[in-house]
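Enquirer: The following block contains a protein sequence and its predicted model.
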Amino acid sequence: MEAPPDNDVLWARALHFQHQDGSPALQGVSLGVREGELLAVSGPRGSGKTTLLRCLSGLVRPQGGEVWFNSIPVHTMGPLSRERLRRDRFGWIDPAPVLVPELNAWENAALPLMLRGTGRRRAKAAALEWLDRLDVGGRARSRPHELRQAERQRVCIARALAVAPAVLFADEPTAPLHRADRAQVLRTLTTAARSHGITLLLATHDAQTAALADRSVALLDGRRVRTVHLPPLAETAVAAGAAGAPGTEGRAACSLSA
């Protein structure tokens, strides 16, 4: 087993993963991510972006290949060890907001910190700081059912940032937001990553979002390709509406040479 390069905080080699129906999600993907880097994983829907992030973060074990975090072989770790790694070192943002319904907004944002053992007062202060930065500080005492979907997503982003993770995995993090809100939230997310030294992996099918990263890797049908030409989100929506067919936003022109 070959250890990763010293300057890569995350390193993966020849990752393979199949869905339960047997269809391939990853077919030999390899990449390295430097510490503090903002890396966009781009590609149309169904290209393997989410599966790649799930394998790199330890949410699932790849069925083939290796994943390393620093000098830790994530691919050989058991479920409990991977859970501790995710709790202590990683952050995750889903494309749809998932919150604990019994907790209010600041309690949801502070929950991972308290699970790490941080005192309630310090955890609350950190949660409120990020809720304010994301313009939902005024809803800190509201329960999830009292919040709009865009507000719930901002709470999820605050929750991921409050723990100051070593690596933050963001899977289409602004998908539920209106276009007017996306730029501000993405600016907060990328600025926070750079100022706090957080390595950010950002999965997106939007070219404008991918352009915010330091570097981009493209996936198509579970393989790395050189380019995937993604239209801006506004153009995509117009094209989909004109075609009258759902899911048109996932189509892209690509270069298959890897």
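Expert: Good, I have the coordinates. Residues are numbered from 1 along each chain as shown.

Enquirer: Give the residue spans of this protein that score low on pLDDT.
Expert: Scanning the chain for pLDDT under 70 picks out 1-6, 227-258.

Enquirer: Can you list the residue ranges for strands in the chain?
Expert: Using DSSP state E, the strands of the chain run over 8-18, 24-34, 38-42, 64-69, 72-73, 90-93, 167-171, 199-204, 215-220, 223-225, 227-229, 253-255.

Enquirer: Quick one: end-to-end length of stretch 190-203, please.
Expert: One end of stretch 190-203 to the other measures 13 Å (CA to CA, to the nearest Å).

Enquirer: can you give me the offset of that stretch from its chain's centre?
Expert: From the chain centre to the centre of stretch 190-203 is a distance of 11 Å (CA atoms, centre = their mean, to the nearest Å).

Enquirer: is it possible to export the strands of the chain to JSON lines including mean neighbour count?
Expert: Heads up, the C-betas are built off the backbone N, CA and C, glycines and all. Formatted as JSON lines, the strands of the chain follow (neighbours: other CB atoms under 10 Å):
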{"stretch": "strand 8-18", "mean neighbour count": "19"}
{"stretch": "strand 24-34", "mean neighbour count": "19"}
{"stretch": "strand 38-42", "mean neighbour count": "25"}
{"stretch": "strand 64-69", "mean neighbour count": "20"}
{"stretch": "strand 72-73", "mean neighbour count": "14"}
{"stretch": "strand 90-93", "mean neighbour count": "22"}
{"stretch": "strand 167-171", "mean neighbour count": "25"}
{"stretch": "strand 199-204", "mean neighbour count": "26"}
{"stretch": "strand 215-220", "mean neighbour count": "21"}
{"stretch": "strand 223-225", "mean neighbour count": "18"}
{"stretch": "strand 227-229", "mean neighbour count": "16"}
{"stretch": "strand 253-255", "mean neighbour count": "14"}
